[in-house]
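*Asks:* Quick one, what's the 3D model for this:
(4 chains)
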Number of protein chains: 2
Amino acid sequence: MTSSPTIRDVSKLANVSVSTVSAVINNKGIVHPETVARINAAIEKLNYTPRRSARGLASGRSGNIGFILSEQFFSRTEPFYTKVFLGAEFEARKHDLYVLLTSVDKQYSGPRDMPRFLHERNVDGLIIAGKVPAASLMELKKFNIPVVLVDYGDPEFYGTRVLMDNIRGTSLAVRHLVALGHRDIGYLGGESDHPSAKERIRGYREEMNRQGIAVQEKWMDISEQMMSLEAGEHSFARLLDKGDLPTALVCSNDAMAIGVLKNAERHGISVPDDLSVVGFDDVTEGCMITPPLTTVRVAKEDLGSMAIQALVDMLRNGRSRSSEIRVGVELIARSSTAVPRSNGR
Amino acid sequence: MTSSPTIRDVSKLANVSVSTVSAVINNKGIVHPETVARINAAIEKLNYTPRRSARGLASGRSGNIGFILSEQFFSRTEPFYTKVFLGAEFEARKHDLYVLLTSVDKQYSGPRDMPRFLHERNVDGLIIAGKVPAASLMELKKFNIPVVLVDYGDPEFYGTRVLMDNIRGTSLAVRHLVALGHRDIGYLGGESDHPSAKERIRGYREEMNRQGIAVQEKWMDISEQMMSLEAGEHSFARLLDKGDLPTALVCSNDAMAIGVLKNAERHGISVPDDLSVVGFDDVTEGCMITPPLTTVRVAKEDLGSMAIQALVDMLRNGRSRSSEIRVGVELIARSSTAVPRSNGR
DNA sequence: CTGTTAGCGCCTTCAG
DNA sequence: CTGAAGGCGCTAACAG
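*Replies:* This is a model prediction of the structure:
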């Protein structure tokens, strides 16, 4: 085996011209079934696969999708975006696309800072996961390429957004707690300028109203910090300082919830006996912590696969048929929530 | 902006031939400094970047590196390989390479199951992270492509291996425990056929000998199971059944160590007061668990960047100068280890 | 040192 | 429905 077979070898073996072979490979035009069979046999026999760069050069399409992750998320504990990527890569295979993963600084520092694949025109479409600086987003427009935003719904942005159903998520959390008998339900959140964070708060408020329970501002703590374990600890500390605790807390994400658990333990507050806690995201640490965390699960892989589907749609039709896609959520009840003590147990 | 500039546009603007521009871009041959300056100015002005697929077609090199991960690791809790990938991607940028990440089933099921990028000749080299079926490894040879194995040192394999210093790692763990005053040190391991797992056991044994402590087989439990949290729980349960516990345990990885912590808590065994536990890998969960886990840290990013370096070396020189590279480890002392109770405290 | 000239392997009109 | 021919943008020998 000196060098791999080319489309010409196939055409010779099948006694047709290269263009016919090409048509078969790309499902273009209508080719006589018998000819198709002959060509496929030849392809099979030679174990032929078209070469990527040749196709790319001739067609003007690279066959690659860029996947941009903000650096901060990449190094983050949770394999959240890893799962999203996995879903994207898996879906991409179906469409014969490759996914090029890269990260960008949280600081935008000029056009030359954009991923190489954009400059080299090495991607046909782009997935951006998580929050990316607005300036970078603006810069993107110049490349005139289809873009899908995952888990960051900047409504100012032109691309399609793939989001999770945040409102429904916290709504489910509240409903779960109410079903257990809770009425004193607080909320701990962060990144108050993040659209998703806002939605989660909204879901909480709306469901509280729906349940006919007045939201107590003293039991809420919304900061601007990143929603980390430490933020959860601090947030809970502030609540403690006020002297009065609710019987249950909804947190903006699992990291914060875990922070609450840690801090509660330190203060001799027993979860779930004294306090029920619900997280959001369903990260793996949630199962390892004691007690295992009740949380809202997101189909992370679906975020990725839906993003690819939206891109393929845009690539094919020249426009996106949907501007926003919501991926479903479900409540996973584990052991950090229980009937409130006051209700007996 | 209709279509991006080509090398021809640059050559015209700089009043030179395309081949000279090409030479400058690729640092080939020797070009007059003044000409270089003129060409670079033109490149700058036109904001020119060579097109990936065109280079690929002409040079026969795709400029891509494939990164294969066994499916099981991909879905795994720990972002271990995510970090490895990050290190690889970062290093790849320096060499103007892209990294294509994909996963393979743990079951090898025929040649057609190999990643697409191999068939399409879309990668110039390959990184394989973690354990991959031997049959898949064999299949790889056919593609006649440089391969680097990361974190899986199959000595039968032809490619370069990038490994961590497992022996040193468990050796450090034992030394740390001995320094605290422990002499009754057990070992819990899994995947007994995995080269790295074997090395970790060896490091433990050797250091015990060096310290003049006889290894007690009753305090050892080596299974064939994957080294998971559950495996750690089971392993520890078996130890308990034997009735007699050491004062310290070295575990083959953090997941198992965390399993031990969980199970110990359930049995009212206090860590580190009754039992010291050391893990290996330094996964992030280690910090979140109570008590924070003492462990052996591996520079995960370095595993990835060294792999790329080795690959670049092979690509340039046609052969690899090193057949094995070891990345260093260090002991991270946290709170799961302490002076043994018998020594007073 | 620099320019000329072939392709690399495939897709894509356009005739037949 | 199929074949022939041109060209995508770049690299890689060669000549000069």
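*Asks:* how about the residues of the stretch 101-250 of chain A near chain B?
*Replies:* With CB under 8 Å from any CB of the partner chain as the criterion, the stretch 101-250 of chain A meets chain B at residues A:Leu101, A:Thr102, A:Ser103, A:Arg116, A:Phe117, A:His119, A:Glu120, A:Arg121, A:Asn122, A:Asn144, A:Leu229. The C-beta positions use only the backbone N, C-alpha and C, and glycine is treated the same way.
*Asks:* Compare those and tell me which is most surrounded.
*Replies:* A:Leu101 (27 neighbours; other CB atoms under 10 Å in any protein chain shown).
*Asks:* next helix or strand past the helix or strand it falls within?
*Replies:* Under the criterion of DSSP states H and E, A:Leu101 resides in strand A:98-104. Sequence order places helix A:116-119 as the next helix or strand after strand A:98-104, per DSSP H and E.
*Asks:* helices or strands up against that next one?
*Replies:* strand A:64-70, strand A:98-104 (3 or more CB pairs under 8 Å, 6 or more residues apart in numbering or on different chains; DSSP states H and E).
*Asks:* Show me where the stretch 151-300 of chain A dips below the pLDDT cut-off.
*Replies:* Applying pLDDT under 70 to the stretch 151-300 of chain A flags no residue at all.
*Asks:* what about whatever residue of it ends up closest to chain B, neighbour count?
*Replies:* When scored by CB to the nearest CB, the stretch 151-300 of chain A has A:Thr284 as its residue closest to chain B, at 4.1 Å. Neighbourhood size, A:Thr284 [other CB under 10 Å]: 21.
*Asks:* Helices of chain A, start to end?
*Replies:* Using DSSP state H, the helices of chain A run over A:7-14, A:18-25, A:33-46, A:52-59, A:71-74, A:80-94, A:116-119, A:134-141, A:166-180, A:195-210, A:229-241, A:254-266, A:285-288, A:300-317.
*Asks:* and those as JSON lines, adding distance to A:Pro340?
*Replies:* Output for these, formatted as JSON lines (distance: least, CB to CB, whole Å):
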{"stretch": "helix A:7-14", "distance to A:Pro340": "70"}
{"stretch": "helix A:18-25", "distance to A:Pro340": "64"}
{"stretch": "helix A:33-46", "distance to A:Pro340": "66"}
{"stretch": "helix A:52-59", "distance to A:Pro340": "60"}
{"stretch": "helix A:71-74", "distance to A:Pro340": "35"}
{"stretch": "helix A:80-94", "distance to A:Pro340": "31"}
{"stretch": "helix A:116-119", "distance to A:Pro340": "53"}
{"stretch": "helix A:134-141", "distance to A:Pro340": "43"}
{"stretch": "helix A:166-180", "distance to A:Pro340": "7"}
{"stretch": "helix A:195-210", "distance to A:Pro340": "16"}
{"stretch": "helix A:229-241", "distance to A:Pro340": "17"}
{"stretch": "helix A:254-266", "distance to A:Pro340": "15"}
{"stretch": "helix A:285-288", "distance to A:Pro340": "21"}
{"stretch": "helix A:300-317", "distance to A:Pro340": "31"}
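*Asks:* ok and the residue in the stretch 201-345 of chain A nearest DNA strand D?
*Replies:* Proximity to DNA strand D, evaluated over the stretch 201-345 of chain A using CB to the nearest atom of the strand, is greatest for A:Leu315 at 18.7 Å.
*Asks:* That residue and B:Asn64, how far apart?
*Replies:* Note on A:Leu315: its distance to B:Asn64, by CB to CB, to the nearest Å, is 21 Å.
*Asks:* For A:Arg210, which non-adjacent residue is closest in space?
*Replies:* In space, and not counting its chain neighbours, A:Arg210 is closest to A:Ser171: 7.9 Å by CB to CB, 6 or more residues apart in numbering or on different chains.
*Asks:* In contact with that neighbour, which residues?
*Replies:* Residues near A:Ser171 by CB atoms under 8 Å, 6 or more residues apart in numbering or on different chains: A:Gly203, A:Tyr204, A:Glu206, A:Glu207, A:Arg210.
*Asks:* With neighbour count and distance to A:Arg51 as extra columns, can I get those residues in JSON lines?
*Replies:* As requested, those are exported to JSON lines (neighbours: other CB atoms under 10 Å in any protein chain shown; distance: CB to CB, whole Å):
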{"residue": "A:Gly203", "neighbour count": "25", "distance to A:Arg51": "50"}
{"residue": "A:Tyr204", "neighbour count": "25", "distance to A:Arg51": "54"}
{"residue": "A:Glu206", "neighbour count": "15", "distance to A:Arg51": "54"}
{"residue": "A:Glu207", "neighbour count": "22", "distance to A:Arg51": "55"}
{"residue": "A:Arg210", "neighbour count": "12", "distance to A:Arg51": "58"}
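*Asks:* With distance to B:Leu69 as added columns, please give those in TSV.
*Replies:* Shown next, in TSV, are those (distance: CB to CB, whole Å):
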residue	distance to B:Leu69
A:Gly203	35
A:Tyr204	38
A:Glu206	41
A:Glu207	40
A:Arg210	44
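*Asks:* How many residues are close by A:Phe143?
*Replies:* 17.
*Asks:* With that, I have no additional questions.
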